[in-house]
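> generate coordinates for the sequence data below:
(2 chains)
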2 protein chains.
Amino acid sequence: MVNYPNAKRASLSKSPILKKKAVNFANRGMSFETLINDSNTYYLSREIAVIHKKPTPVQIVKVDYPRRSRAKIVEAYFRQASTTDYSGVYKGHYIDFEAKETRQTTSMPLKNFHAHQIDHMASVVKQGGICFVLLHFSSLKETYLLPAEPLISFYQIDQGGKSMPLSYIREHGFEIPLQSFPSVPYLDVVDRHLIGGN
Amino acid sequence: MVNYPNAKRASLSKSPILKKKAVNFANRGMSFETLINDSNTYYLSREIAVIHKKPTPVQIVKVDYPRRSRAKIVEAYFRQASTTDYSGVYKGHYIDFEAKETRQTTSMPLKNFHAHQIDHMASVVKQGGICFVLLHFSSLKETYLLPAEPLISFYQIDQGGKSMPLSYIREHGFEIPLQSFPSVPYLDVVDRHLIGGN
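Numbers count the residues shown, from 1 in each chain, chains lettered A, B, ... in the order given. Coordinates of the predicted model:
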């Protein structure tokens, strides 16, 4: 048996980097992400849906193999995600989405959506998957589910632009009232507006 | 616009660790994994399906921020996957699978399937997803798709056991003849045996 000292044990908890507020790359959108992860845990435990956040894509360059200990990655870099962050299955349907948070009050910055993520969303829609983004305006305390189609349209028309107006999101999306269990009940919107005939 | 030097560009290529044959952790099952990844690239490019391998789950402990350079992970560890390696969408259906390879000729070792992966598969099946394992016997040059249900049944009955007999796989699974494009045409089996009414 491999011996795991306590330090390592602690490290096995989920997404430990998200708990370090001081770390730059995890700051943006952290609390909203936590709410979504909690909602997914709720959905999973109630057998309502199986939806997971994908691991952070990391490019591993160098690994050490200390004796009597597990492999240690000593050089690696963050990679840009080529797909969205969340995917899973709900009532047989493939679910695929990305989540973004902003403190702005009139628009959502688009700089965090990459062209290949938009391409991925278009491919998913074409394949009959249910694809959307969850957009959280933290100052306004408003959260929206915007289906992939209007996002893709806006992105294609407005490639030079830097942000998507809240008015556009309100027109083409659906507000999600935040609550307790689950915090972000986005599957209610999926049920009501994105699944045909349910 | 952000300026991407070439070094960064190169790092955006998919799964760079898989190209380093010398790295121990990537050796086992590598060639079969490559065939599956190539098949998924084929399916994606032909707009047949959108199926990706999830990033390797890594627990990040320490990140350096060298000046004028991107974040460098200097301490991280491999985590055990809590889900399967591959997921995506095919004709609207959620697809979820794991791939394993062995040189043995009479059975598939089960040690690489973890209890929480089996749990995940059971949840996916319950949620109406299409879930299976691709099993490759490299010495025999035989490849099978085994649906999650018989795998779960075997695992539950035989928790003390160490391997699943090839005869069981032949009885409950479907052979996939390897070919050129795509190398592992597993969606043919999905079409023929796992999707009702298609």
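> which element is A:Arg76 on?
For the record, residue A:76 is Ala, not Arg. Element membership for A:Ala76 (DSSP states H and E) is strand A:72-78.
> cool, and A:Glu101?
Judged by DSSP H and E, A:Glu101 forms part of strand A:93-102.
> what does A:Ser39 give?
Counting by DSSP H and E, A:Ser39 is found in helix A:30-45.
> now the element after that helix, going C-ward?
strand A:50-53.
> pLDDT on that next one, on average?
What strand A:50-53 shows for mean pLDDT is 96.
> what's the next secondary structure element after it?
Heading C-terminal from strand A:50-53 (DSSP H and E), you reach strand A:58-64.
> right, is that next one up against chain B?
Yes. Applying C-beta under 8 Å from any C-beta of the partner chain, one finds strand A:58-64 touching chain B at A:58-60, A:63. Quick note: C-beta positions are derived from backbone N, CA and C, even for glycine.
> out of those, who's the most crowded?
Neighbour counts for these, by other C-beta atoms under 10 Å in any protein chain shown, peak at A:Ile60, which reaches 24 neighbours.
> chain A: strands as residue ranges?
Assigned strands in chain A, in chain order: A:50-53, A:58-64, A:72-78, A:86-90, A:93-102, A:107-109, A:130-137, A:142-147, A:163-165, A:174-175 (criterion: DSSP state E).
> nearest to A:Asp119, of those?
strand A:130-137 (11.8 Å; C-beta to C-beta).
> outside of the closest one itself, list whatever touches it.
If you take C-beta atoms under 8 Å, 6 or more residues apart in numbering or on different chains as the criterion, strand A:130-137 is touched by A:29, A:32, A:36, A:84, A:90, A:93-105, A:108, A:113, A:121, A:124-125, A:142-148, A:151, A:166, A:169, A:173, A:176, A:184, A:186, A:190, A:194-195.
> from those residues, list just the buried residues.
Applying 16 or more other C-beta atoms under 10 Å in any protein chain shown to the contacts of strand A:130-137, the neighbour count classes A:29, A:32, A:36, A:84, A:90, A:93-102, A:108, A:113, A:121, A:124-125, A:142-148, A:151, A:166, A:169, A:173, A:176, A:184, A:186, A:190, A:194 as buried.
> surely A:Lys62 and A:Ile73 touch.
Yes. Counting by C-beta atoms under 8 Å, A:Lys62 does reach A:Ile73; the two are 7.3 Å apart.
> look at those two and report which has more neighbours.
A:Ile73 (24 against 12).
> relative to its centre, which residue of chain A is most distant?
A:Arg67 (37.3 Å; C-alpha atoms, centre = their mean).
> return the distance of that one relative to chain B.
14 Å (C-beta to the nearest C-beta, to the nearest Å).
> next one: A:Thr143
Distance from A:Thr143 to chain B, by C-beta to the nearest C-beta: 24 Å.
> which residues does that residue contact?
So A:Thr143 contacts A:32, A:134-137, A:175-178, A:184 (C-beta under 8 Å, 6+ apart).
> same question, A:Phe113
A:98, A:100, A:133, A:151, A:155.
> so how far is A:Leu140 from it?
Taking C-beta to C-beta, to the nearest Å as the measure, A:Phe113 falls 20 Å from A:Leu140.
> swap in A:Thr105?
6 Å.
> shared neighbours of the two, anything?
Shared contacts of A:Thr105 and A:Leu140, counting by C-beta under 8 Å, 6+ apart, come down to A:Leu166.
> and the strands of chain A as CSV, adding distance to B:Lys53?
Output for the strands of chain A, formatted as CSV (distance: least, C-beta to C-beta, whole Å):
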stretch, distance to B:Lys53
strand A:50-53, 14
strand A:58-64, 14
strand A:72-78, 17
strand A:86-90, 12
strand A:93-102, 15
strand A:107-109, 30
strand A:130-137, 19
strand A:142-147, 26
strand A:163-165, 31
strand A:174-175, 32
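> out of those, which gets nearest to B:Val50?
The nearest among these, by C-beta to C-beta, is strand A:93-102 at 8.4 Å.
> packing partners of the closest one?
helix A:30-45, strand A:86-90, strand A:107-109, helix A:115-126, strand A:130-137, strand B:86-90, strand B:93-102 (3 or more C-beta pairs under 8 Å, 6 or more residues apart in numbering or on different chains; DSSP states H and E).
> try it again with 7 Å
helix A:30-45, strand A:86-90, strand A:107-109, strand A:130-137, strand B:93-102 (3 or more C-beta pairs under 7 Å, 6 or more residues apart in numbering or on different chains; DSSP states H and E).
> tell me which of the ones you listed sits nearest to B:Ile48.
Among the helices and strands packed on strand A:93-102, strand B:93-102 sits nearest to B:Ile48 (C-beta to C-beta), with 11.5 Å.
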